[in-house]
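*Asks:* need coordinates for the following:
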Amino acid sequence: MPRPYRSTHARTTPILLALLAGCGSDVERPLADPPGEPTGQVRISAPAWLDSLATEVTGTDGTPLRLRCESCHALSPSGAALPASAEEAGAPHTGLEVEHGTLACASCHDSERPDRLRLASGHVAPMREAMLLCAQCHGTQHRDYQHGAHGGMQGYWDLSRGDRVRNHCVECHAPHRPAYPRLRPLPPPHDRFPPVRHEGDHG
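*Replies:* Numbering: from 1, shown residues only. Below is the predicted model of the structure:
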């Protein structure tokens, strides 16, 4: 009499269930949390050029003194139209070069207070929150930034060992000219590509 057919699935299912029951939550979370209590803080840096402009006046240490944007823009007449281009902005923005797609000043700056930013939602944000504005168009880069693969940082991955400081977008990208210029790559590091040694070489 032929042996009754039993599928491989029917034979292995109880075994798999027993193994999974014994593994517990490790099946769902293969990576363990870092040891220790995460007491460190994560902070995003806020470069001075987000809300101030370097002047030609230097301080006692020889560095240029900076003028906060609101020093002038808070005094601007309400409802004044933003300039259509950087050329029309005038001093102290003379010479400002803009290469950021087809964006105009009003694409990012609030018309009532140009020292603030206007998001697509209509919300007005201070300059130090410029990352919210950047994320509206650069979603892929923002996602990678949140995962730590873009933007760089200083400090610790393991927050139980200390604080972490993340770079702001404008640490690396000039807001008005965010694209990197074309660069000529340098030779590769010697320790990654050691010279090929031939038979008879000494040293």
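*Asks:* sec struct for Ala54, please.
*Replies:* Following DSSP: H, G, I helix; E, B strand; the rest coil, the label given to Ala54 is strand.
*Asks:* same deal with Glu129?
*Replies:* helix.
*Asks:* how much space between it and Glu37?
*Replies:* Between Glu129 and Glu37 the computed distance is 30 Å (C-beta to C-beta, to the nearest Å). For every residue, glycine as well, the C-beta is placed using N, CA and C.
*Asks:* tell me the contacts of the nearest residue to Val57 once chain neighbours are set aside?
*Replies:* Spatially, and ignoring its direct neighbours in sequence, Val57 is nearest to Leu65 (4.8 Å; C-beta to C-beta, 6 or more residues apart in numbering). With contacts defined as C-beta atoms under 8 Å, 6 or more residues apart in numbering, the neighbours of Leu65 are 54-55, 57-59.
*Asks:* how about a cut-off of 7 Å?
*Replies:* Applying C-beta atoms under 7 Å, 6 or more residues apart in numbering, one finds that Leu65 lies in contact with 55, 57-59.
*Asks:* Glu129 and Glu37: who's more crowded?
*Replies:* Between Glu129 and Glu37, Glu129 has the larger neighbour count (other C-beta atoms under 10 Å), namely 17 against 8.
*Asks:* do a quick rundown of the helices in this structure.
*Replies:* 8-23, 70-73, 86-89, 130-137, 139-146, 169-172 (DSSP state H).
*Asks:* pLDDT of the fifth one, averaged?
*Replies:* Here the mean pLDDT over helix 139-146 is 93, rounded to a whole number.
*Asks:* so how far is that helix from its chain's centroid?
*Replies:* Relative to its chain's centre, helix 139-146 lies at 7 Å (C-alpha atoms, centre = their mean, to the nearest Å).
*Asks:* can you give me the neighbour number for Pro114?
*Replies:* 22.
*Asks:* quick one: pLDDT of the closest residue to it other than its chain neighbours?
*Replies:* Of all residues not flanking Pro114 in the chain, His73 sits nearest, at 5.1 Å (C-beta to C-beta, 6+ apart). You'll see His73 listed with a pLDDT of 82.
*Asks:* is it true that His73 touches Ser111?
*Replies:* No. His73 lies out of contact with Ser111 (C-beta atoms under 7 Å); the separation is 11.2 Å.
*Asks:* picking that back up, now the residue nearest to Pro114: how far from Gln136?
*Replies:* 22 Å.
*Asks:* for Leu117, same thing?
*Replies:* Leu117 is 10 Å from Gln136, by C-beta to C-beta.
*Asks:* neighbour-wise, which of those two wins?
*Replies:* Neighbours of Leu117 and Gln136, each counted by other C-beta under 10 Å, are more numerous for Leu117; the result is 21 against 12.
*Asks:* that one pairs with what?
*Replies:* His109, Ala125 (DSSP bridges).
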